[in-house]
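Trainee: have a look; sequence and predicted model below, questions after that.
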Amino acid sequence: MSTQVDLVDYDEAIARFDPVIGIEVHVELGTRTKMFDGAPVSFGAEPNTEVTPVSLGLPGALPAVNGTAVEYAVRIGLALGCSIAESCRFARKNYFYPDVPKNFQTSQYDEPIAYEGFLDVELEDGTVFRVEIERAHMEEDAGKNTHVGGATGRIHGAEYSLVDYNRAGIPLVEIVTKPIVGAGERAPEVARAYVQTLRDIFRALEVSEARMERGNVRADVNVSLRATPDSPLGTRTETKNVNSFRSIERAVRYEVSRQAAVLDAGASVVQETRHWHEDTGITTSGRVKSDAEDYRYFPEPDLVPIVPDRAWVEGIRAALPELPAARRRRLQGEWGYADAEMRDVVNAGAVELIEATVAAGASPAAARKWWMGELARTAKQQDVELAELPITPAQIGALQGLVDSGRINDKLARQVLEGVLAGEGDPESVVVARGLEVVSDDGPLLAAIDEALAAQPDVADKIRSGNLGPVGAIIGAVMKATRGQADAGRVRELVLERVQG
Amino acid sequence: MSDLTCLTAAALAESLAAGEVSSVEATQAHLDRIGAVDHAVHAFLHVSTDEALATARDVDERRARGEQLHALAGVPIAVKDVVVTRGLPTTAGSRILEGWVPPYDATLVEKIKAAGLPILGKTNMDEFAMGSSTEHSAYGNTHNPWDLDRIPGGSGGGSAAAVGAYEAPLAIGTDTGGSIRQPAAVTGTVGVKPTYGSVSRYGLIALASSLDQAGPVTRTVLDSALLHELIGGHDPRDSTSIAEPLPALVAAARRGATAGLSGVRVGVITELQGEGYQPGVLARFEESLELLRGAGAEIVEVSCPHFTYALAAYYLILPAEASSNLAKFDGMRFGLRVVPEDNPTAERVMAATRGQGFGDEVKRRVILGTYALSAGYYDAYYGSAQKVRTLIQRDFDAAFAQADVLVSPTAPTTAFKLGEKLDDPLAMYLNDVATIPANLAGVPGLSLPAGLSDDGLPVGFQVLAPAKADDRLYRVGAALEAMLENTWGGPLLAQAPELETR
């Protein structure tokens, strides 16, 4: 397998081809038990401990549908503006693979529970792009193979493989877009924003923890190129299991560049599954999709059709929580941020952080100042997400409270922040431990002022003669003497009293 | 043969309740009978002596303490080997499950255990219930107690033979196209396929999910009703299970045996008689009709024109579902694993395991079903078969508008000789021509002995009822049984030849 592939520069590729993408997102539902049996679902359990005869596919075992999973699927469907089927069925997708206990996956095929919806996706510059949803259907997850021996952890060269069936049977909802056309050069960004928006919706709906790094949300990205937007669709590739937002964007870019090179060379794009390599940032060929792949779908005879009661569906619709986009609009209004400010906040992933900080007592402006200023810089330096910084919105709220009450000033506040980030405890503890409180007793301040005036007699004379310009020099000296812990405004008052009074 | 093994389950239950006999004695008597005759009959694949006696002792102790027990508590039972039993080997008659001991009980086994019926063992069957003679078992033939050179029917030949040979008073069977009723017919026993969804399928090793149904195999209609009431009822673990209580089956059987059939309309299905049916089978059928008429029933002729296509549709739907249901037997998680010496990848292990573990009939049907579900053929085969199924259901609806029950011979012939049809699958499939329509429509059916054909072998009489009206089977069946036994001067099985014991 060669990984040496010619690529066309992305901008050049886009100049000559129109990309069409399609995205299939799988989300693991956060139900207590599996899709078709009572086996518990949790993260990180010992292998093959969260299984029953059903999830192991033992002879005689039968599936029974998890009602909560159906409810979650309906929530997702409604949130995406889909129609909810009057009646829908499960089907069997037959294929032999050791991580599929029954050697068929129970999935919805021709009768999904939700269909024909859309999702408005906001791009970084505020542009809203509408993605049409074809369907959202329910299915069960497969187990997990671990290939032991060999260098790469892949099946090739492995001595043997182990299968963990804990994941087998975990409920999934798969959301399939219609072909996404018209994104042009922004196709990679649209792909990323779409999955990110979906992730936020899953969380808002409380149907999944939706943690990408745990594989709760997995995306398969289809990419094809055509000469112009009027040309018929080109042959697509499907890049499987792209599991971070950044990778989704990169994978689309890569496929556009790669396919452009293939087409430029006069060759045809092969319809195939491709693997994404996070480390090298490339895709490689997987299995070729052909007519030979016949899943022999047929309606699952062990399960009766699901007929969602209309009143029940309407009840779920009425109880849907506020979705992220609407929430952002509401918060922007409440906080009084300008469009560009709000966009920056959203792009920095700071909406929840600021909301919590405001709830902890800070003004929206102060909250934004902290998270988008000092903390954003720190996060960038450390190459981590804002939310990953070792500081909580409550602590920022407390910190701002100290400033607002005059116990510390802005300069001291930055030192307190530094202390909190260094793990020295809450702002209050840092203030006490580092002795950073503003000196509010006039006694020490007057002593320092007298000292400063004595040290700079010429400056003192100018001030006495009514020239207030050099007051700053005295204040600076006092601040220095008090290691910044003086309230500069008070010092100015005292200096003027001293000299003029 | 002791008196205890000759008793019906109902009579034995009464003796147990009255304290005239203990469950240990009754269970031991049946274990002794198995020891004495099963070398010749080979009804059992596994005899669970210790477990059965332990259950019997427990029931006896509970009875001695005055506990309230189930009516059948202490009455031993045999279970077809397609039903999973915790701690007891379960093979479904296949090499591919040789040595597998399930870690869980089927729902119906849970009910049997909770009611305190000692499980004598697991009975022989055609591999994965595919067959009409039990000759497709990987573990040897079962022999018909009436003539050891003949087949006991299938797929549940083991359960029918065990009951017919007095090795068990009760047995569990499963019926996908006649596997309870046809063996009952050819062994002179009673077998009932309940309404689809009436008895939980959880823990039945699936052949064809939309057709399979477990039911009782007994020597009397009343015994079937008692067992059906025990194993039936809603089970949330089987989503095709009916969420309604069973009709009163035992009461219907008791009433039928005494109250006559005045006002009951009995429909004779035109398409299930005549050509292909042995003269002796038809003669016994006609005599039974006369008895029913004599008891006050109104006999009407009904036509079910689409039954002609039932066999063809069945042999598309069954293999299609079976090909998928049997995919799990791959050597990965349980049962046989065959590891090829050369390059033993998972795929090659699966292929080798299935190649060695499955018999020819299973392979034949898996190949048929795989083909029928293939892209491009689905509509022509599986899709068309499902349409036929709908038409057959409509035939039943129309027929039940004219009649309360429908009747036919259970099987076109009496028991044939072992080996006679083994090389002719189509001839074998034709045995189920009269039983298959009920499975396609999900309606219940009962077979009871109607006498002996000219060859001296038992003939079965089939009663069919609308879905969820299983009580009608028992009412009509018990009435006919009482009249027939009256003519014979006792049960038909009393005329069976004595088996050589050792």
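Mentor: Structure's in. What do you need?
Trainee: hey, where'd the helices end up in the stretch 1-150 of chain A?
Mentor: Counting by DSSP state H, counting those that start in this stretch, residue ranges of the helices within the stretch 1-150 of chain A are A:10-16, A:67-79.
Trainee: for the stretch 251-400 of chain A, that is, sorry about that
Mentor: Listed in chain order (using DSSP H, counting those that start in this stretch), the helices of the stretch 251-400 of chain A are A:310-318, A:324-335, A:339-347, A:351-359, A:364-369, A:375-382, A:393-404.
Trainee: tabulate the ones you listed in JSON lines, adding columns for mean pLDDT.
Mentor: Rendered in JSON lines, the data for the helices of the stretch 251-400 of chain A read as follows (pLDDT from 0 to 100):
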{"stretch": "helix A:310-318", "mean pLDDT": "98"}
{"stretch": "helix A:324-335", "mean pLDDT": "93"}
{"stretch": "helix A:339-347", "mean pLDDT": "90"}
{"stretch": "helix A:351-359", "mean pLDDT": "94"}
{"stretch": "helix A:364-369", "mean pLDDT": "96"}
{"stretch": "helix A:375-382", "mean pLDDT": "92"}
{"stretch": "helix A:393-404", "mean pLDDT": "93"}
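Trainee: got a list of what residue 100 touches?
Mentor: Just so you know, I chose chain A. With C-beta atoms under 8 Å, 6 or more residues apart in numbering or on different chains as the criterion, the residues that contact A:Val100 are A:142-143, A:168. All C-beta spots, glycine's among them, are computed from the backbone N, C-alpha and C.
Trainee: not quite, I wanted chain B
Mentor: Residues in contact with B:Trp100 (C-beta under 8 Å, 6+ apart) are A:59, B:89-91, B:334-335.
Trainee: okay, strands next: where are they in the stretch 51-200 of chain A?
Mentor: The residue ranges that make up the strands of the stretch 51-200 of chain A, judged by DSSP state E, counting those that start in this stretch, are A:83-84, A:91-94, A:104-107, A:114-122, A:128-140, A:144-148, A:160-164, A:171-177.
Trainee: can you check the stretch 201-350 of chain B too?
Mentor: Under the criterion DSSP E, counting those that start in this stretch, the stretch 201-350 of chain B carries strands at the ranges B:214-218, B:265-269, B:298-302.
Trainee: the last one pairs with which strands?
Mentor: Translated: strand B:298-302. The partner list of strand B:298-302 in its sheet, established with DSSP bridges, is strand B:265-269 (parallel).
Trainee: and chain A, which of its residues are near chain B?
Mentor: Within chain A, the positions lying close to chain B (C-beta under 8 Å from any C-beta of the partner chain) are A:53, A:56-65, A:92, A:94, A:96-98, A:101-104, A:161, A:163, A:291, A:294, A:296-298, A:301-304.
Trainee: from those residues, keep the buried residues only.
Mentor: The neighbour-count test (16 or more other C-beta atoms under 10 Å in any protein chain shown) marks A:53, A:56-65, A:92, A:94, A:96-98, A:101-104, A:163, A:294, A:296-298, A:301-303 as buried among these.
Trainee: domain parsing for chain A?
Mentor: Recorded structural domains for chain A (assignment: automatic domain parsing) are A:10-48+A:57-296, A:323-434, A:442-500.
Trainee: show me which helix or strand of the chain is least confident by mean pLDDT.
Mentor: Here I'm looking at chain A. Scoring the helices and strands of chain A by mean pLDDT, DSSP states H and E places helix A:488-500 at the bottom, with a mean of 81.
Trainee: try chain B instead
Mentor: For chain B, counting by mean pLDDT, DSSP H and E, that's helix B:425-429 with a mean of 86.
Trainee: tell me where the chain is predicted with low confidence.
Mentor: In the absence of a named chain, this looks at chain A. Applying pLDDT under 70 to chain A flags the ranges A:1-4, A:151-154, A:288-292, A:440, A:501.
Trainee: nope, chain B please
Mentor: Applying pLDDT under 70 to chain B flags residues B:1-2.
Trainee: contacts only, for the most centrally placed residue in it.
Mentor: Centrality entry for chain B: nearest residue to the mean C-alpha point is B:Ile180, 2.0 Å, by C-alpha atoms, centre = their mean. Residues counted as contacts of B:Ile180 (C-beta under 8 Å, 6+ apart) are B:156, B:159-160, B:173-174, B:191-193, B:215-217, B:447.
Trainee: among the residues you listed, which lie within helices?
Mentor: Secondary structure from DSSP state H places B:159-160 of the contacts of B:Ile180 in helices.
Trainee: hey, where'd the strands end up in the stretch 51-200 of chain B?
Mentor: Residue ranges of the strands in the stretch 51-200 of chain B, as given by DSSP E, counting those that start in this stretch, are B:77-80, B:119-123, B:170-174, B:190-193.
Trainee: tell me which other helices or strands the second one touches.
Mentor: Just to be clear, that refers to strand B:119-123. Judged by 3 or more C-beta pairs under 8 Å, 6 or more residues apart in numbering or on different chains; DSSP states H and E, strand B:119-123 is in contact with helix B:23-41, strand B:44-47, helix B:49-64, strand B:77-80, helix B:107-114, helix B:157-164.
Trainee: among the ones you listed, which comes closest to chain A?
Mentor: Taking C-beta to the nearest C-beta as the measure, the helices and strands packed on strand B:119-123 were each checked against chain A, and helix B:107-114 came out nearest at 9.4 Å.
Trainee: buried sites along stretch B:322-341?
Mentor: Residues of stretch B:322-341 classed as buried under the neighbour-count rule (16+ other C-beta under 10 Å) are B:322-338.
Trainee: grab the nearest non-local neighbour of A:Asp302.
Mentor: Spatial nearest neighbour of A:Asp302, excluding adjacent residues (C-beta to C-beta, 6 or more residues apart in numbering or on different chains): B:Ser209 at 4.8 Å.
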